[in-house]
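[1] sequence isn't available, so here's the structure alone:
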């Protein structure tokens, strides 16, 4: 019993310690961001590996999610004779929820795990340490550009996901199931508000981008510098990111749409 | 005045003592070797000198400045004058040899690209890898990676270079190359070198002065000749690589004969 | 250096695609296109009961969308609902004695305002009031009335 309490206490202490380290890391990282505007090419390089390389999975997943939404939504709506509302159903579910959330989950799997592995590997091969000894701050030089790139990429990817998804739903709804295209678009436009729906979706994806990139970079930076440690850190990135995305999504949804 | 003055250094990792009252002086312009068995914290000592770790007690002065009392920016200024060669080379894996050597120059100076090119080629020429400049670190052998890292460490013309186990895992030819390079660069550039190693013969060949560490303390110090003549059995065992001596071959425990007479243990 | 250039181009394209996607969401998917149309004129109408009418609900004439509900408030003296309507600028020839009714799209659909043109020579202008209004049909009331008349008939 005493042992249980003791190990529980130790676990709690180390959790707090990690939380503290993570926030100190965050502050250090944020402090490095203003300097990046003088060397924006560092960020551009990372936008390529963080953003562009995640584009394919986002495009394909977005298209299929939209097509499935179109199919399922139609089957339900047609019972109520409301298949014209398919556009609304698809656009609201994509723009408010699925776009930001699913693209963030995919981003955590594609870019987040890659970031953790990259930073963890740089740590285990002493590259970060070596940089420090060359009087170059690795957090400013290596971590901060990746963080900014993640922050910029996430809303872009989420917007692409939603747009492609709506096109996919339109292809299925209009092309396959014969929903009137005028009704599809006009109902969608009537019910989707730019500020309440689309901008809130964008805010969500910025928050998710912030959290996922932060988790990924911190896990890499904090990894045990062995191949096993890096592997575990990569797994933790994906799991913790998923928890953070879904938990935050609930909170943000309650804040944004709760009063309707 | 010595370049580095370590006084009464204590460092603990958890409850385990790595250093307990170590005093070391590193003279300017000389090659000083720090030797000892594996796990005596030789690499830790270099990290303490570089300010990456903080001692629990005692001071480390580099060029008259107490490393652990400096502000962050002062420490970074000091590090620009320290070169360090990591065991693995620690080259940046996503850029090629040329860019690796150019890295500190581009980070810390505003020199034009043409001048950087001249400097990089000069340093690479010194380590004999000028024509390997377009290779990626993954295409280099371990010895070549260390030579590139050496060129990079020299790029900012430091006052000293610290070598962390430079000879480990090298074939005889690249070992000889590295020994030769360390010696030549120390003399040609007029800098001070600290070599951390447990390769006795190579280190003794280039070191002007040797510190022998064990159990968190300096066991013996002196020139290679003095050390070879040391009266201490432990020093003799280490310098000659004898399998048995003060450091026993057998893991501590009951005598073999006694053990044989106790068959009931597995009965 | 060459590789750097192409990286920059691809990243530039990536950002452009993202902006295009956002632009599509804004113009094609959401009602942002309508905000631009707010240069039209505003009229008000008083209803006894608006049922489930909401802000941003469409305003149509002969089924064609001619405006949208901008605001709904309660008139403190008459206790009627006062509905402000944004009319699109191109429909500037709607007669003054036009009637407004609240309809439901389909059995369970959203409610909207339908306008029926009058015969007046003069047209509605900004600030005008539509006097002829018909309140929303509230299902419970209709059923209640139906049962009542049934009971009386027997």
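    Here it is on my side, so go on. Quick caveat: nothing in here was measured; it's all calculated off a predicted structure.
[2] ok, stretch A:89-104 near chain C or not?
    Yes: using Cβ under 8 Å from any Cβ of the partner chain, a contact is recorded between stretch A:89-104 and chain C, made by A:91, A:95. C-beta here means a position set from N, CA and C on the backbone, and glycine is covered the same way.
[3] list the buried residues in that stretch.
    Neighbour-count burial for stretch A:89-104, counted by 16 or more other Cβ atoms under 10 Å in any protein chain shown, picks out A:89-104.
[4] once you drop chain neighbours, what's closest to residue C:122?
    Distance criterion Cβ to Cβ, 6 or more residues apart in numbering or on different chains; nearest residue to residue C:122, sequence neighbours excluded, is residue C:96 at 4.7 Å.
[5] kindly report the same for residue B:29.
    Nearest non-adjacent residue to residue B:29 (Cβ to Cβ, 6+ apart): residue B:192, at 5.9 Å.
[6] against residue A:66, how distant is the residue lying closest to residue A:180 once chain neighbours are set aside?
    Spatially, and ignoring its direct neighbours in sequence, residue A:180 is nearest to residue A:84 (6.5 Å; Cβ to Cβ, 6+ apart). Computed as Cβ to Cβ, to the nearest Å, the residue A:84 to residue A:66 distance reads 18 Å.
[7] so where's chain C shaky on pLDDT?
    Scanning chain C for pLDDT under 70 picks out the ranges C:1-4, C:32-39, C:106-109, C:154.
[8] now the strands: where do they sit in it?
    Along chain C, counting by DSSP state E, strands occupy C:41-47, C:58-61, C:64-74, C:81-87, C:99-104, C:111-116, C:129-130, C:132-134.
[9] neighbours around residue B:242, how many?
    Residue B:242 is flanked by 13 other residues according to other Cβ atoms under 10 Å in any protein chain shown.
[10] mind listing the strands for the stretch 151-267 of chain B?
    Assignment of strands within the stretch 151-267 of chain B using DSSP state E, counting those that start in this stretch yields the ranges B:160-164, B:192-197, B:209-214, B:217-222.
[11] ok, which residues in the stretch 151-267 of chain B are in contact with chain A?
    Counting by Cβ under 8 Å from any Cβ, the residues of the stretch 151-267 of chain B close to chain A are B:152, B:156.
[12] which SS state does residue B:138 fall under?
    helix (DSSP: H, G, I helix; E, B strand; the rest coil).
[13] from what I see, it and residue B:93 are in contact.
    Yes: counting by Cβ atoms under 8 Å, residue B:138 does reach residue B:93; the two are 6.6 Å apart.
[14] who has more neighbours, the two?
    Per other Cβ under 10 Å, whichever of residue B:138 and residue B:93 has more neighbours is residue B:93, with 14 against 8.
[15] what residues are up against that one?
    Shown in contact with residue B:93 (Cβ atoms under 8 Å, 6 or more residues apart in numbering or on different chains): A:121, A:122, A:125, A:127, B:136, B:137, B:138.
[16] how near is residue A:76 to residue C:70?
    33 Å.
[17] neighbour count: the two, which is higher?
    Taking neighbours as other Cβ under 10 Å, residue A:76 and residue C:70 compare with residue C:70 leading, 17 against 12.
[18] who are the contact partners of the more buried one?
    Contact analysis of residue C:70 by Cβ under 8 Å, 6+ apart lists C:42, C:55, C:84, C:85, C:86.
[19] give me the distance between it and residue A:188.
    Residue C:70 sits at a distance of 21 Å from residue A:188 (criterion: Cβ to Cβ).
[20] which members of the buried residues of stretch A:89-104 occur in helices, if any?
    Members of these lying in helices (criterion: DSSP state H): A:89, A:90, A:91, A:92, A:99, A:100, A:101, A:102, A:103, A:104.
[21] chain A contacts on the stretch 1-150 of chain B?
    So the stretch 1-150 of chain B meets chain A at B:47, B:50, B:52, B:76-77, B:79-80, B:82-84, B:86-88, B:90-93, B:103-104, B:107-108, B:149 (Cβ under 8 Å from any Cβ).
[22] got a ChimeraX select line for the buried ones in the residues you listed?
    Per 16+ other Cβ under 10 Å, the buried members of those correspond to this ChimeraX selection:
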select /B:47,50,52,76,79,80,82,83,84,86,87,88,90,91,92,103,104,108,149
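[23] what count of nearby residues applies to the closest residue to residue C:110 other than its chain neighbours?
    Excluding its sequence neighbours, the residue lying closest to residue C:110 (Cβ to Cβ, 6+ apart) is residue C:57, at 6.4 Å. Burial measure for residue C:57: 21 neighbouring residues, criterion other Cβ under 10 Å.
[24] over to residue C:148?
    Neighbour count for residue C:148, taken as other Cβ under 10 Å: 10.
[25] which parts of the stretch 51-200 of chain A are helices?
    With DSSP state H, counting those that start in this stretch, the ranges of helices along the stretch 51-200 of chain A come out as A:55-77, A:86-92, A:99-107, A:113-124, A:127-133, A:138, A:144-170, A:181-191, A:200-222.
[26] residue C:48 is nearest to which of these?
    The closest of these to residue C:48 is helix A:181-191. By Cβ to Cβ, the value is 25.5 Å.
[27] what's next to that closest one, contact-wise?
    The contact list for helix A:181-191 (Cβ under 8 Å, 6+ apart) reads A:84-88, A:90-92, A:166, A:170, A:173-174, C:28-31, C:33-34, C:56, C:58, C:65.
[28] do that again at 7 Å, thanks
    A:84-88, A:91-92, A:170, A:173-174, C:28-31, C:33, C:58 (Cβ atoms under 7 Å, 6 or more residues apart in numbering or on different chains).
[29] can you flag the buried ones in these?
    Among the contacts of helix A:181-191, those scoring as buried are A:84-88, A:91-92, A:170, A:173-174, C:28-31, C:58 (criterion: 16+ other Cβ under 10 Å).
[30] ok, those residues vs residue A:30, which is closest?
    residue C:30 (32.2 Å).
[31] pull the contacting residues for the closest one.
    A:189, A:192, A:193, A:194, A:197, A:198.
[32] burial measure for residue A:30, as a count.
    Residues lying near residue A:30 (other Cβ under 10 Å) number 13.
[33] likewise for residue A:177?
    The number of residues packed around residue A:177, counting by other Cβ under 10 Å, is 15.
[34] now do the closest residue to it other than its chain neighbours against chain C, distance only.
    Spatial nearest neighbour of residue A:177, chain neighbours left out: residue A:74 (5.0 Å); criterion: Cβ to Cβ, 6+ apart. For residue A:74, the distance to chain C equals 16 Å [Cβ to the nearest Cβ, to the nearest Å].
[35] residue A:6 now?
    Distance of residue A:6 to chain C, computed by Cβ to the nearest Cβ: 51 Å.
[36] could you say what helices and strands the host helix or strand of that residue packs with?
    Secondary structure from DSSP states H and E places residue A:6 in helix A:2-31. Counting contacts by 3 or more Cβ pairs under 7 Å, 6 or more residues apart in numbering or on different chains; DSSP states H and E, helix A:2-31 packs against helix A:200-222.
[37] now the element after the helix it packs on, going C-ward?
    Going down the chain from helix A:200-222, the next helix or strand is helix A:227-257, by DSSP H and E.
[38] what's that following helix packed up against?
    Of the remaining helices and strands, those touching helix A:227-257 by 3+ Cβ pairs under 7 Å, 6+ apart are helix A:99-107, helix A:113-124, helix A:200-222.
[39] what's the most buried one of the ones you listed?
    When those are scored by mean count of other Cβ atoms under 10 Å in any protein chain shown, the highest mean neighbour count falls to helix A:99-107 (a mean of 26).
[40] and the gap between the residue lying closest to residue B:76 once chain neighbours are set aside and residue B:244?
    Counting by Cβ to Cβ, 6+ apart, residue B:76 lies nearest to residue A:135, which is 4.3 Å off, once chain neighbours are set aside. Counting by Cβ to Cβ, the gap from residue A:135 to residue B:244 is 46 Å.
[41] so those two - more neighbours on which side?
    In terms of neighbours (other Cβ under 10 Å), residue A:135 is the more surrounded of residue A:135 and residue B:244; the figures are 20 against 9.
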